[in-house]
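next one to model:
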Amino acid sequence: AEYMGTLAGKAGLGTIYVTNGYITEEALRELAPMLGAYRVDLKAFTEDFHKQVCGAHLQPVPNSAVLARELGMHVETVTLVIPGLNDSIEEQASLIRWVIDNLGPGTPMHFSAFHPDYQMTDRGATPVAVLEKIYTKAKELGLRFPYIGNVAHHRYENTYCPSCGAPLIERLGFSSRITGLDGQKCTNCGEAIEIVRHVR
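Here you go, the predicted model:
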């Protein structure tokens, strides 16, 4: 990873670390100079989930996200919402509050639909209504940029102005189109938007 990151930097390419967040402080500090963004899975917000489902502990994951932010990386989180395991609005609200308090209200949070596959086929897919409820709660709590993922063509995969609600960035699959930004501001109301156009 270090070698590839160095090569990317020399070529003028940005680097994004897509991770489950289970990394030591020493390793993250060593990689930090070549990382521009840190996309971390916050799989759940209870120790029980991490022990039973992941065979790991919770605390190293949020700790690494906080450190990544302190080291100057752009941080985004992804939570796979699994029916019966981490889909309660209370748990998700606790997670959202933690992100707002420790990573900042401008941190993008992605709430993705679970689909039964591989080693977990004992439950159905996440109802879209559950994801929408979490999205709404995130907005109510003050998160500026929540998203819904793994749901094709859903309106909440787009970016909206947190002040006036105007669409800023439209997404379809892996493509995106800026529709409502003038530099770092919403073209409708002038709200300053924490957009990242390039990573180092």
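
look up how far Arg171 lies from the nearest residue to Val128 once chain neighbours are set aside.
Excluding the flanking residues, the one nearest Val128 by C-beta to C-beta, 6 or more residues apart in numbering is Val151, at 5.7 Å. Just so you know, the C-beta spots here come from the backbone N, C-alpha and C atoms, and that holds for glycine as well. As judged by C-beta to C-beta, to the nearest Å, Val151 and Arg171 stand 12 Å apart.

can you check which residues contact both of the two?
Residues touching both Val151 and Arg171 (C-beta atoms under 8 Å, 6 or more residues apart in numbering): Glu157.

who's more crowded, the two?
A count of neighbours by other C-beta atoms under 10 Å puts Val151 above the other of Val151 and Arg171, at 17 against 14.

residue contacts, the more buried one?
The contact partners of Val151, taken as C-beta under 8 Å, 6+ apart, are Ala113, Val128, Leu131, Glu157.

which residues of this structure fall in strands?
If DSSP state E is used as the criterion, the strands of the chain fall at 16-19, 37-41, 74-81, 109-113, 146-149, 159-160, 167-172, 175-178, 181-182, 185-186.

residue at max distance from the center of the chain?
For the chain, the residue at maximal distance from the C-alpha centroid (C-alpha atoms, centre = their mean) is Lys10, at 27.3 Å.

okay, it: pLDDT?
As predicted, Lys10 sits at a pLDDT of 86.

quick check: the gap between it and Cys161.
Distance, Lys10 to Cys161, by C-beta to C-beta: 37 Å.

same question for Gln52.
Distance from Gln52 to Cys161, counting by C-beta to C-beta: 40 Å.

these two: who's more crowded?
Cys161 (20 against 11).

okay, the more buried one: pLDDT?
Reported pLDDT for Cys161: 98.

OK, contacts around it?
Pro167, Leu168, Gly180, Cys186, Asn188, Cys189, Glu191, Ile193.

tell me which residue is most central in this protein.
Centroid check for the chain by C-alpha atoms, centre = their mean gives Thr77 as the closest residue, at 2.3 Å.

from what I can see that residue touches Ala65, true?
Yes. Thr77 lies in contact with Ala65 (C-beta atoms under 8 Å); the separation is 6.9 Å.

what sits in contact with each of these two?
Val40, Leu42, Leu103.

run a quick neighbour tally on the closest residue to Gly14 other than its chain neighbours.
Nearest residue to Gly14, sequence neighbours excluded (C-beta to C-beta, 6+ apart): Val199, at 3.5 Å. Neighbours of Val199 under the rule other C-beta under 10 Å: 14.

ok, Val199 to Gly9 distance?
From Val199 to Gly9 the distance is 11 Å (C-beta to C-beta).

what do you get for Leu35?
Counting by C-beta to C-beta, the gap from Leu35 to Gly9 is 10 Å.
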